[in-house]
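1. fold the following for me, if possible:
(4 chains)
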Number of protein chains: 2
Amino acid sequence: MLFALSDPERLAIARQLVDGPLDMAECHLSNPDVPKSTKSHLMKVLRTAGVVRNEANGRARRLSLRREDLDARFPGLLDAVLSAEDGAPKS
Amino acid sequence: MLFALSDPERLAIARQLVDGPLDMAECHLSNPDVPKSTKSHLMKVLRTAGVVRNEANGRARRLSLRREDLDARFPGLLDAVLSAEDGAPKS
DNA sequence: CAAAAGGTTCGAAATAATTCGAACGATGGA
DNA sequence: TCCATCGTTCGAATTATTTCGAACCTTTTG
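-> Got it, this is the predicted structure:
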């Protein structure tokens, strides 16, 4: 899980899901030009790590954070990670 | 930081430092046979990520967790990470 | 002073992760 | 039905991490 969230792009995805499920197409990457296979791979890493759920929804995919599971396994971690500031330290 | 702690060996090192500074030689790896250069590299990753401090101490090296800095930058994260259970989920 | 202890740094080789295009599968609309 | 949409999976190429030995540096001990 730590590994999955250690990538900025993946962390950004997790942040977008904190307010509720999103269809994959609504989930934006910082660079809108990355091919869908790459995006799909990012999701797979998050899914494999147990961070995210990915259920079929018509021809779309509904993504959602696995909050309960994660909070049970790593209490406080998700909140801490999601609320951490972006960017590098100011020092 | 998340990346640095996403490796089991490095996480284990961080855990050993939570109770106070340790000299490098007292900091044990799960496999005692890894060469010192590898161990040194693990430390470097932790140091570079700002997780750990590494000051010269005679001919030894004193390692310490940078708690204050980390708590300031990622409130709650370190505690959550360090208190998380080991191993894979039981499901 | 010489040698041992405790670590770092530097390459090079081995592993692992990321990226992309192409081929594929399922669903929904014309 | 046919085709466009939304995604996944596969394989190959690129890139990043890890790992190790050798060379090196500093401090302590004999």
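
2. pick out the residue closest to the middle of chain A.
-> What sits nearest the mean C-alpha location of chain A, by C-alpha atoms, centre = their mean, is A:A14, with 2.6 Å.

3. mind listing what that residue touches?
-> By C-beta atoms under 8 Å, 6 or more residues apart in numbering or on different chains, the contact list for A:A14 reads A:5, A:46, A:51-52, A:65, A:81-82. The way it works is simple: take the backbone N, C-alpha and C, and place the C-beta from them, glycine included.

4. switch the cut-off to 10 Å
-> Counting by C-beta atoms under 10 Å, 6 or more residues apart in numbering or on different chains, A:A14 makes contact with A:4-5, A:46, A:51-52, A:63, A:65, A:70, A:78, A:81-82.

5. can you list those in JSON lines and add secondary structure, pLDDT and distance to B:R59?
-> Output for those, formatted as JSON lines (DSSP: H, G, I helix; E, B strand; the rest coil; pLDDT from 0 to 100; distance: C-beta to C-beta, whole Å):
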{"residue": "A:A4", "secondary structure": "helix", "pLDDT": "98", "distance to B:R59": "40"}
{"residue": "A:L5", "secondary structure": "helix", "pLDDT": "97", "distance to B:R59": "38"}
{"residue": "A:L46", "secondary structure": "helix", "pLDDT": "98", "distance to B:R59": "45"}
{"residue": "A:V51", "secondary structure": "coil", "pLDDT": "98", "distance to B:R59": "44"}
{"residue": "A:V52", "secondary structure": "strand", "pLDDT": "98", "distance to B:R59": "48"}
{"residue": "A:L63", "secondary structure": "strand", "pLDDT": "98", "distance to B:R59": "53"}
{"residue": "A:L65", "secondary structure": "strand", "pLDDT": "98", "distance to B:R59": "49"}
{"residue": "A:L70", "secondary structure": "helix", "pLDDT": "95", "distance to B:R59": "44"}
{"residue": "A:L78", "secondary structure": "helix", "pLDDT": "94", "distance to B:R59": "43"}
{"residue": "A:V81", "secondary structure": "helix", "pLDDT": "93", "distance to B:R59": "38"}
{"residue": "A:L82", "secondary structure": "helix", "pLDDT": "91", "distance to B:R59": "43"}
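
6. now, of the residues you listed, which are buried?
-> A:4-5, A:46, A:51-52, A:63, A:65, A:70, A:78, A:81 (16 or more other C-beta atoms under 10 Å in any protein chain shown).

7. show me which of those residues is closest to A:C27.
-> For the buried ones among the contacts of A:A14, the residue nearest A:C27 by C-beta to C-beta is A:L63; the value is 6.1 Å.

8. what's opposite the closest one in the beta bridge?
-> Per DSSP bridges, the residues bridged to A:L63 are A:L22, A:N54.
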